Each structure stands twice: as structure tokens, then as C-alpha cells.
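Chemist: Got a predicted structure plus its sequence, pasted below:
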Amino acid sequence: MKKVFVFTLLTATVLLVSCATNRIQPIQTADLSLKTPAQKEIASRERAKLEIPESILREARRNVNMPDRALGFNAEELDRYGGSDFRLRQVPRLFAEATRLPRYSGRLADAFLAQPDDFSGATSLGFSLLGVSGGRGVEPPKEGWGVDWLKESTGTDEAFVAILEQARKDGIENLPDGKAVPTNDEIVANWKTLPDGVRKLTIKLIIAAVEAKQVLKDSFDQEFLLTSVKSEKAEDLSAARLYKFLSSPWADNEDTPPRAAFEAMERFDIKYLCFGSACYLKYAQAAINEFREWKKSNSYDLKDFKKLVFTTTAGKVCITGTGSDEISGDYGLVIDTGGDDIYMGRTALPNSAAAPISAVIDIGGNDKYDSGAEPAGLASGINGIGAIFDLEGNDTYTCQNSGIASAWYGTGLLVDYSGNDTYNSSSGYALGSGFFGVGMLIDLAGDDAYNCVKYSGGFGGTLGAGLLLDVSGNDTYKSKGEPEPSSWGENRVSMSFGAGMGRRADFGDGHNLAGGIGMLFDGAGDDNYQSGGFSFGFGYWWSIGLFEDRTGNDTYSAPFYSHGAAAHFALGSMVDRAGNDTYCPDKQQVINSFGEGRDGSIGVFYEAEGNDHYHGLGYRCAGNSDLNSIGLCWDRCGDDTYETVSKLEPKTDHPIIFGSACRDGDEPMPTEPIPNAGIFLDTGGADTYTNTKEDIKHQASNNSQWQHLKGPIFWGFGLDIDWYLPATENK
């Protein structure tokens, strides 16, 4: 039986556009009581103070027929749209007031950027966004090992022997290869040639995995999964088989997913996943931090060390030396002590339901990670935890589908501490992507390159949190996108870089699923962003998409539904806090962007400071409400240039830009009042607006106000006022 592909429903229905012409009162002068202040405000550089002045917001609400209410949807209005399974609990609160969305984004970005190397805290915050809190009381020991099966005074060599003996006694039946490695003198002697810091790091990471293993296994209904994928034992529940089964509702094919794939969602205990992730990652973080401190004052020579592989109750462990190694295999833990290494095949991927943790710690070197043609590789949390921690070097990460910090019913984490790194995905669900779990890519320093195709770069699927966090550096972000079978023509769909997506199935099997939360936060640098449509703070189907760039002279390019946009009961926000930024420098027409809400959605765009240049502005841009939605566009200050293209909207009698609203001609009118408001605000600087060559021209100009629509149902308001002066360095 064929299914209707859930994503193309948007593109198949949205483009045959005609705005209602018989109920619209076109361009009018806004009724403005607000005046330019005698003394202008100085724009604060503090992110928390990036708020539209209440007097301006009040004036905007008054001119879109919302004078006595919030600029949002109340509970009754939101209920008219029904709902969707797994809707995040913060969604109704954010819908209640459009300005809450960028405020919420700012607080999250502040939290993630405040201590970016705190990956255990970041992961816990990610779970909290999914409505889950667990493991808050877990504290790794300040001294000793912190487990009852190792005495506090036990040395690293004794602990090593004890771990091997533990595997021999009670872990054999749970091991993928069915046997434990003997504790012979040769293995122990090789172990002793490792420096003390590496030995402590190894023991503590093994302890973390042993302690977290059972909790993670309890997150899943193992008997149900065995039946669903027709396996007899947990060792046969490989990551590849689980991935194919669990991801089937989102597969890019026409097959109807098995009913069991939906039932698996209800049988999954995300609270235990959260708890198990906290148990492992808090211990792992303490161990890595301790090792990094030790390494600052210690060096080592491993000329007598040979590659060491041994088995524990949490899986096989591989330790390699300082040479250039080729590493592959189903390991629960890999520690590489240095050298320019090549990791081949699936790396940092849980081997099976019996071994739900896999991690790599690479201490140094310019490394290459390549998972090959197989999907689900490189720090992929599939029914467990997959994590890579690369401490030094200019590294390259390459995967196909669902890799580089991807989560499917698990936790996928990649932390790169330094270097100019490159991240490549040739398909989707990568670079910080989450479904029923948390996927986070954290890069702490360097001029980095992020390359993907779709559904990546801080992407949130159902009950998932996806984060791409880049702290500093002049970075390049490119999402190639894929053509969609619709009227988008040659344009491509990316759904990347701070995007959330739900599963729309009202035309198909009926299993509508709300989206999660996708986030991209860039802390500093002159960055270049290029993407297909549905990007840079975009939400689709009960999801949240957030994008923030804090500083730098940045360049952005995306053709449609981007830069703070949302469609079908979703929320999208983009904030650029500082810099002289350029939008769409190729001058390609951009539509449905810069604060665009479509079909019961809210889209918000904030540009806080700088002399910015907007090229190629087309219809439904810069504060537009499309079918019972709210669109808000605010450029706080700077000498800005807005260049519009020659055609603003087909079949319309008014311009759909710079604060406007519209609906598709075949859509029914709402029977009761519901928000339909598009607002454009520029509150500082000497701004330039170009106009179109068409008969219908927009009315936007410097130091003026206008109203392209004034009810009775659709409302649009635009204001350019000299309210702010740019921030100074000491403010």
C-alpha cells in the first residue's frame, strides 16, 4: 500500500496562490500616534535587552486590530487547530505572544554558550526541552571510583584487572562476541605502558558505561523490539536493524510504515534515557576534564605500547597509540592517544540493544572519520548513546544519513574542542538531529565548514531536540537541499540550520506527529550561510525552529520559507544580534521569509544591529501573515537597504511585503476572529527602500508608517522610525 509522503504536502498545496481581493481594503496610511523621541535610545548589546519597546509594540498591536490582547494565539484559538501527538509542552506558551519566541531563543542560546564545554549539562538541557528531567542528583566522585565494586584505594592497574574479571564472571552472555578476553600477563603488561592519565581516563569511562548500561536498556521494551524486527536475542538487535525499523515513519519512500513503528513510540521510556544519559555523560565529562588538566603538565612517549583490545561488560575497548592508525570495529569505547587517524565504518554507534553505549575519545591529531555508504554512523545515538570527543586537531567528519550527532531513540553527541574542522553529510538527519532523543554537535573553536543536504544542522523531529552549537570562528554553513515534486521549480528544500519538523499525515495514514525543537546557535565570527528552503529558524507542523548568530558580518542565502518562518501550526525565529549583514547577495528572489507565518503559525525575524543589506525581497516577506498567522519582522537599528524584486505577488491588488497579510483564494474564511497580522518595524538608521516596477507599489520608506491592509480580517502594519542609535563599545 502506498503512502502519501508527509513533507511534500506543504509544497503541493501552498503555491497556487491568490489573495482574496473582494474583502481587502488596500494601502492606507497608518493611524500613528507614536512620535520620534527627542532623545534616542542607545541600542544595548546585551541579548536579554533585545526587546521591542512597549510603546512601539503597543502601536503595532493597535494597528493590526489587537489593541487589548497579546500578539499571539490564546488557548481557545489554538485549540481550533486540533493537535498532534507528542506536542512539546512549551508550544502553547510560545504561541501566546510572538515576542516570547525570540526571548526564549535568546535565553537558550545564552545557556548553551555560557559554558559550551559542559556537554553533560547541554544534554540535560536538551532533554528538559522535551519535558523530561532526570539525573539531577548524579554526581561523579571527586576522589576514588564511585562504585561499590571497586574500593576507593584501588589503583588503576588493580581496577583494570577487576574490570576484566567482572566481564569474565557475569558479562559473558551479554557480550557481542560471546566471550571475554583472558587477563593474562601480556595484556596487563601492555596496559602498564600507558601513562597514568590515559589509564585513569579509560577506567572512569568504562565505569560510566557499566553503571549506565542497565538504565539505558530499560528505556526500551526489548521483547517488543525483538518481536517487531523478528529477532531472537538482544545481541541480534543491531543498530542497523533498529534504525531501519524505528525511522520507517520518516523514510523517503512510498511504503506504508509498519504499525509497530508507531507503537514503539508509546513503549519508549524517554525518562530512563534521560537518566541513563546523565549517568554516563556526567561521569564521562568529569573524566575528560580531569584528563585535559593532567595533560597540560604531562607528556608521554608510547614507543613500547601496542594497540590494546579487551572486553568488558559494557563492550569491547580499543586503545591505540600515537601513530597514524586505521580504526574500525564495533567498540564500546575507543581511546586514541594521538596521531593523524582514520576511522572507518560505523563509529561511536551502539552495537546492539545489549550494548547501548559507544564512545570515542581522540586525544590529538588531524583525524578523518568516515562512516561510508551505510546510514547511521558517527556519534549516532540509536537506542542508546553514541558520542565522539575529539580534543585537538583539524578534523574531517563524513557520513551518509543519520550521523554526526544524530539521535533516534537515544543520545547522539559530538564535541570537537579545537581546530578548523569539516562536517559532511550526503543525506539527512545529521549535524545535530534528534528524534525521540537529543542530538548535539558542539564545536568549541576554529573556522569550520558544515555541509549537508537536508534535515540537518540543528534539526528537531518528533520528541527530539537537535542542536548545532558553534562557539567561535569564521564558519561556512551549506545545505544543498533536494528538489521537491512541487511548484518550487528549480529551488531546493533543505529544512536545515535551526529547523523543526513534524509528520503531517492527514492526507495519508493519519499518524500526525508533532515536531520537536531544532536549534543553531553561533557565538562569533564572520559566517557564511547558504541553504535551500525551510531554513534559518523554521518550524513545520507543531514544531519549533530557532536560529541565533551573535556577532560578525554574516552572509545569508535561502530562497523561501526561511529567516524566521513557520508553516502549519509551528513556530520559527531567527535573530542576528550584531554585524553588517548581507541577505541573498546573489539577488535571487526570496519569498515567504523574514518573519512569515503560514496557516496558524508564528514567524519572527530580529536583526539587532548593523548596516544590513536585504537583496531580492519578493512577496510574503518582511512581516507577513499568510492564512490566519502572525509574521513579525524587526530591524532594530542601522542604515539598512531593502531591495525588492520586480514582482511582489501574483493575482493581488496590494503588495504582500513590509507588513501585510493574505490567504489562499480557495481556503475558507474563518468563522470567528482569529489573528491575521503582519508587522514590519525598522526602528533606527537612515534606511533605503527600493520599489517594484509593477503598478502596485509598497509604501515603505524611511521615517514613515503605512498600512497595506486594514481589515476587516487581514491586517498589516509597517513602521520606520528613528528610535535607536547603534550600540557603542562601552554600552
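Modeler: Looks like it came in fine.
Chemist: which residues of this protein fall in helices?
Modeler: Assigned by DSSP state H, the helices in the chain fall at 8-13, 54-63, 75-79, 91-95, 100-114, 119-129, 156-170, 185-192, 196-217, 222-228, 239-246, 259-267, 270-296.
Chemist: any chance of the ones you listed in a markdown table, with mean pLDDT too?
Modeler: Below are the helices of the chain laid out as a markdown table (pLDDT from 0 to 100):
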| stretch | mean pLDDT |
| --- | --- |
| helix 8-13 | 36 |
| helix 54-63 | 95 |
| helix 75-79 | 89 |
| helix 91-95 | 97 |
| helix 100-114 | 98 |
| helix 119-129 | 98 |
| helix 156-170 | 87 |
| helix 185-192 | 89 |
| helix 196-217 | 96 |
| helix 222-228 | 94 |
| helix 239-246 | 92 |
| helix 259-267 | 96 |
| helix 270-296 | 98 |
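Chemist: quick one: low-confidence parts of this protein?
Modeler: 1-33, 170-184, 485-490, 646-653, 663-673, 692-696, 728-731 (pLDDT under 70).
Chemist: Go ahead and flag the most central residue of it.
Modeler: residue 458 (2.0 Å; C-alpha atoms, centre = their mean).
Chemist: With residue 251 as the reference, measure out to that residue.
Modeler: 22 Å (C-beta to C-beta, to the nearest Å). (Glycine included, C-beta is placed from N, CA and C.)
Chemist: How about residue 157: what's its closest non-neighbour residue?
Modeler: Spatially, and ignoring its direct neighbours in sequence, residue 157 is nearest to residue 192 (6.2 Å; C-beta to C-beta, 6 or more residues apart in numbering).
Chemist: Near the one you found, how many other residues are there?
Modeler: By other C-beta atoms under 10 Å, 13 other residues sit near residue 192.
Chemist: and the gap between it and residue 166?
Modeler: 19 Å.
Chemist: I figured the residue nearest to residue 157 hits residue 156, correct?
Modeler: No. The pair residue 192 and residue 156 fails to qualify as a contact (C-beta atoms under 8 Å) at a distance of 9.2 Å.
Chemist: Dump stretch 413-425 to PDB, keeping only the CA atoms.
Modeler: What follows is stretch 413-425 as a C-alpha-only set of coordinates in PDB (Å, rounded to 0.1, in the frame of the first residue of the first chain):
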ATOM      1  CA  LEU A 413      26.800  13.700  20.800                       C
ATOM      2  CA  LEU A 414      29.900  15.100  19.100                       C
ATOM      3  CA  VAL A 415      32.100  17.600  20.800                       C
ATOM      4  CA  ASP A 416      35.100  19.000  18.900                       C
ATOM      5  CA  TYR A 417      37.300  21.000  21.200                       C
ATOM      6  CA  SER A 418      39.600  22.800  18.700                       C
ATOM      7  CA  GLY A 419      40.800  23.000  15.100                       C
ATOM      8  CA  ASN A 420      39.400  24.000  11.700                       C
ATOM      9  CA  ASP A 421      37.000  21.200  11.200                       C
ATOM     10  CA  THR A 422      34.800  20.000   8.300                       C
ATOM     11  CA  TYR A 423      31.500  18.200   8.800                       C
ATOM     12  CA  ASN A 424      29.900  16.500   5.700                       C
ATOM     13  CA  SER A 425      26.600  14.700   5.400                       C
END
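Chemist: Next, the buried residues of it.
Modeler: Across stretch 413-425, burial judged by 16 or more other C-beta atoms under 10 Å covers 413-425.
Chemist: Now, those residues that are in strands?
Modeler: 413-416, 422-425 (DSSP state E).
Chemist: re earlier: quick check: which of the helices of the chain is nearest to residue 578?
Modeler: helix 100-114 (13.0 Å; C-beta to C-beta).
Chemist: quick one: buried residues of the closest one?
Modeler: Using 16+ other C-beta under 10 Å as the burial criterion, the residues of helix 100-114 that qualify are 100-106, 108-109, 112-113.
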